[in-house]
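Chemist: output the structure for:
(one chain, ligands or ions: 1)
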Amino acid sequence: MKDAVLALEDGTVFEGKGIGVEGVSKGELVFATPYTGYEEALTDPSYKGQVLMFTYPLIGNYGISYKNMQSDSMKADGLVVREACLNPSHRNAESDIDEFLKENDACGISGIDTRLLTTRTRKEGTVKSAIMVGEADKEKALEEAKNLPEITERDLVEKVSPNSPYRIKNDGPKMAILDTGMKKNILNNLKKREFDIKVFPSDTGIKEIEKFEPDTLFVSNGPGDPRRARSAINVVKHFVDELPIFGICFGIQIIALALGGQTYKMKFGHRGGNQPVKDHETGVVHITSQNHGFAVDESSLSGTGLEVTQTNPNDDTVEAIRHRKKPIEAVQYHPEACPGPRDTEELFFDRVRKIAGG
Ligand SMILES: NC(=O)CC[C@H](N)C(=O)O
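Modeler: Alright, predicted model coming up:
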């Protein structure tokens, strides 16, 4: 494995061994805590613009199985691990983590003290980073990290949203999906509930969506700062009084913004498969899959008609909202899992089907 360096915008540089291609990969460095599911996480479009660091020390040990991917390719911009396993052992393994990064023209780095780096991120917050493989030039890597725009300045949705709409016919209610970087298993769950679906690129205009005559609107997960998804926010604003509207992760943030609420950037976010979510009505605490670095500001919801129905007991962040009078509901966590627990999958998607039309 080639020499490699990981540089942070604060001037810290780590040395390690390269995975993937020679060159530079850069993005906001975020940590994720799932023990398994690195294929799903690396292909989740929500990670566009980010370098993904796993806290679990051994990554790649069951190889890469393409059926687990949550989109057509790797979307995280880089990978940081303690140890990369290059001799995987699994009946479904079709490739290994090094080959997978090469196929996706991405750089990764192993041999990093991910525990130290995670502790630092929790204490000081996320930072911009750059991985350089082959030519391990520390000064150059530092420049790359420092010159990267902040994630709040980047339009990342356009890099992962489909270029044109597509149809998935079925017998159920007509659902327009605003694909701001949708994970495959969200679509699978909506197909399974027989929605008659048309998936639209995130910048689709209101008129084109109206032509489809949807019975309901769904806003998917997605990368970056939700405040930059102006087109999607306007579409939701337009349909607020006309359709049942649902959303997941990026979707809850866009719905809150569309109804006059605010969102904010978290210090380091929630990315893992063990995030608790307490339901205010039942008192039940669900264990959920999460991947977000922005959140809905509860104090901004007064006057929007929205109420908070679930929160994270670890830090009181908003995990679900519901409109008091209109059929509008959304969650911050990922009921579709991939990776992570499926405890809330039926709860959420069956409810969507019920509210959207029996
Ligand atoms: N998974 C997502 O949809 C993430 C939403 C948003 N980009 C955030 O980081 O909070």
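Chemist: quick one: contacts of the longest helix seen in the chain?
Modeler: Longest helix in the chain, counting residues (DSSP state H): helix 345-357. Here helix 345-357 makes contact (CB atoms under 8 Å, 6 or more residues apart in numbering) with 172-173, 175, 189-190, 192-195, 215-216, 218, 244, 246, 248, 286, 327, 329, 331, 335-337. C-beta here means a position set from N, CA and C on the backbone, and glycine is covered the same way.
Chemist: what are the buried residues along it?
Modeler: By neighbour count, and taking 16 or more other CB atoms under 10 Å as the criterion, the buried residues in helix 345-357 are 345, 348-349, 352-353, 355-356.
Chemist: check contacts around the closest residue to the ligand within the stretch 1-150 of the chain.
Modeler: Across the stretch 1-150 of the chain, the shortest distance to the ligand (CB to the nearest ligand atom) belongs to Ser46, at 3.2 Å. Counting by CB under 8 Å, 6+ apart, Ser46 touches 75, 181, 183, 221-223, 249-250, 291-292.
Chemist: before we move on, what about Glu9?
Modeler: By CB under 8 Å, 6+ apart, the neighbours of Glu9 are 127-129, 145-146, 148.
Chemist: equivalent analysis for Ser110, please.
Modeler: 1, 16-19, 81-84.
Chemist: bridge partners for the closest residue to it other than its chain neighbours, pull those for me.
Modeler: Once flanking residues are discounted, Ser110 sits nearest to Ala84: 4.1 Å by CB to CB, 6 or more residues apart in numbering. With DSSP bridges as the criterion, Ala84 is bridged to Ile59.
Chemist: residues contacting Ala84?
Modeler: 17, 19, 59-60, 97-98, 108, 110.
Chemist: show me which of the contacts of Ser110 are buried.
Modeler: 16-19, 81-84.
Chemist: those in strands, which ones?
Modeler: 16-19, 83-84 (DSSP state E).
Chemist: of the residues you listed, which pair is most distant in space?
Modeler: Gly18 and Glu83 (13.8 Å; CB to CB).
Chemist: near the ligand too, which of the contacts of Ser46?
Modeler: Among the contacts of Ser46, the ones lying near the ligand by CB under 6 Å from any ligand atom are 221-223, 249-250, 291-292.
Chemist: which of the residues you listed sits closest to Thr282?
Modeler: Distances from Thr282 to those, taken by CB to CB, are shortest for Cys249, at 21.9 Å.
Chemist: which ones are touching the residue of the stretch 51-200 of the chain found nearest the ligand?
Modeler: Residue nearest to the ligand within the stretch 51-200 of the chain (CB to the nearest ligand atom): Gly181, separated by 6.8 Å. With contact taken as CB under 8 Å, 6+ apart, Gly181 is in contact with 45-46, 48, 71, 75, 156-157, 160-161, 202, 220-223, 250.
Chemist: ok, now Phe294?
Modeler: By CB under 8 Å, 6+ apart, the neighbours of Phe294 are 225-226, 253, 263-266, 269.
Chemist: most neighbours among those, please name it.
Modeler: Gln253 (32 neighbours; other CB atoms under 10 Å).
Chemist: just to be sure, that residue is in a strand?
Modeler: No: assigned with DSSP: H, G, I helix; E, B strand; the rest coil, Gln253 falls outside any strand and is helix.
Chemist: what about it, distance to the ligand?
Modeler: 6 Å (CB to the nearest ligand atom, to the nearest Å).
Chemist: in this structure that residue contacts Thr263, no?
Modeler: Yes: between Gln253 and Thr263 there is a contact under CB atoms under 8 Å: 4.8 Å.
Chemist: anything in contact with each of these two?
Modeler: Joint contacts of Gln253 and Thr263 (CB under 8 Å, 6+ apart) are 226, 294-296.
Chemist: same for the ligand: which of the residues you listed are within range?
Modeler: Checking those against the ligand (CB under 6 Å from any ligand atom), the matches are 226, 294.
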